[in-house]
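Visitor: Generate a structure from the sequence data that follows.
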Amino acid sequence: MNEPLVLIPGMMCDARLFEPQVAHFSRERNVMVASAAQGERIEEIASAILTALPQKFALAGLSMGGIIAMEILRRAPDRITRLCLMDTNPLAETPQSAAAYEPMVVGIKAGRLVEVMRGFLKPEYLAPGPGRLEVLARMQEMAEALGPEVFLRQIKALQRRRDQQAALRRARMPALVMCGAHDGLTPVKRHEFMAELIPYAELAVIEEAGHVPTLEAPDAVNGLLEGWLRQPYVLRD
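Guide: Predicted coordinates for the structure are as follows:
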């Protein structure tokens, strides 16, 4: 029996972020897309997600979803059969980077969600090509559907997130660190660093993608996830 696959979307994203993956993998296993819309701390969001999950599951998260996945790893490593981190960051915010969110908070409170989102996910964070505008439009749709209150909660959660390097060093399951070569938000070097922290981790860089490979290069992502899901459950030192 294949273990369930749990997917956690990034900031201001919902299940549409993983639409190609849900369609592909639902044929052979239970696929769940968790919500990252509740709670003002990463710990609160992770706790809420954990209560709804099966006892054992494969876990994948993208961007903020990866940050939440690392918190779930820290809390419940024995429940995770395998881990995939996509276009994310294990480090805590510095005071300077946390403060950089404040203009976005001001813009959201002034009712400028569309404008703030356009500044948050810039075209240069994605791979060049004709599909870029379509992906940006999909991201905008998800953000507008979730609304400003979710944005403010998620900003607060990101500003106060903890460093997860220790949790990654303790991971003892098949692990895939994936990113787009054109990711201008969480660059390839950050993923190389993460892959070095995690025992047994494989690093995969998708040349035709940026920060949102699940929508930019879904076939490549699905192929990498298939290989990850076929790896043996148990790995030992």
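
Visitor: Only C-alpha atoms from now on, for both contacts and neighbour counts.
Guide: Fine.

Visitor: so how far is Lys56 from Ala23?
Guide: Going from Ala23 to Lys56 by Cα to Cα, to the nearest Å gives 22 Å.

Visitor: of these two, who's got more company?
Guide: Between Ala23 and Lys56, counted using other Cα atoms under 10 Å, the more crowded position is Lys56 (16 against 10).

Visitor: quick one, what contacts the more buried one?
Guide: Contacts here follow Cα atoms under 8 Å, 6 or more residues apart in numbering; on that basis Lys56 touches Glu3, Pro4, Asp78, Arg79, Ile80, Thr81.

Visitor: Provide a ChimeraX selection command restricted to the buried entries of those.
Guide: Of the contacts of Lys56, the buried ones can be selected in ChimeraX as follows, counting by 16 or more other Cα atoms under 10 Å:
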select :3,4,79,80,81
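
Visitor: Contacts for the host helix or strand of Gly66 next, please.
Guide: Using DSSP states H and E, Gly66 maps to helix 64-75. The contact list for helix 64-75 (Cα under 8 Å, 6+ apart) reads 7-11, 36, 42-43, 45-47, 50, 59-61, 80, 85-90, 158, 164, 167-168, 171.

Visitor: Please indicate which of these are buried?
Guide: Of the contacts of helix 64-75, these count as buried by 16+ other Cα under 10 Å: 7-11, 36, 42-43, 45-46, 50, 59-61, 80, 85-90, 158, 164, 167-168, 171.

Visitor: Which of the residues you listed fall in helices?
Guide: Ile42, Glu43, Ile45, Ala46, Leu50, Leu158, Ala167, Leu168 (DSSP state H).

Visitor: quick one, what contacts the nearest residue to Gly131 once chain neighbours are set aside?
Guide: Once flanking residues are discounted, Gly131 sits nearest to Glu216: 7.0 Å by Cα to Cα, 6 or more residues apart in numbering. Each residue near Glu216 by Cα under 8 Å, 6+ apart is listed here: Leu126, Ala127, Gly131, Arg132, Val135, Glu208, Ala209, Gly210.

Visitor: how many other residues sit next to the fourth one?
Guide: Read it as Arg132. Arg132: 19 neighbours (other Cα under 10 Å).

Visitor: how close does it get to Glu208?
Guide: 11 Å.

Visitor: In ChimeraX, how would I select just the buried ones from the contacts of Glu216?
Guide: Selection of the buried residues among the contacts of Glu216 in ChimeraX, burial being defined by 16+ other Cα under 10 Å:
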select :126,127,132,135,208,209,210
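
Visitor: Most widely separated two among the contacts of Glu216?
Guide: Maximum pairwise distance in these, criterion Cα to Cα, is 13.3 Å, between Val135 and Glu208.

Visitor: Just want the most central residue of this protein.
Guide: With distances taken as Cα atoms, centre = their mean, Leu62 lies nearest the centre of the chain, 1.6 Å away.
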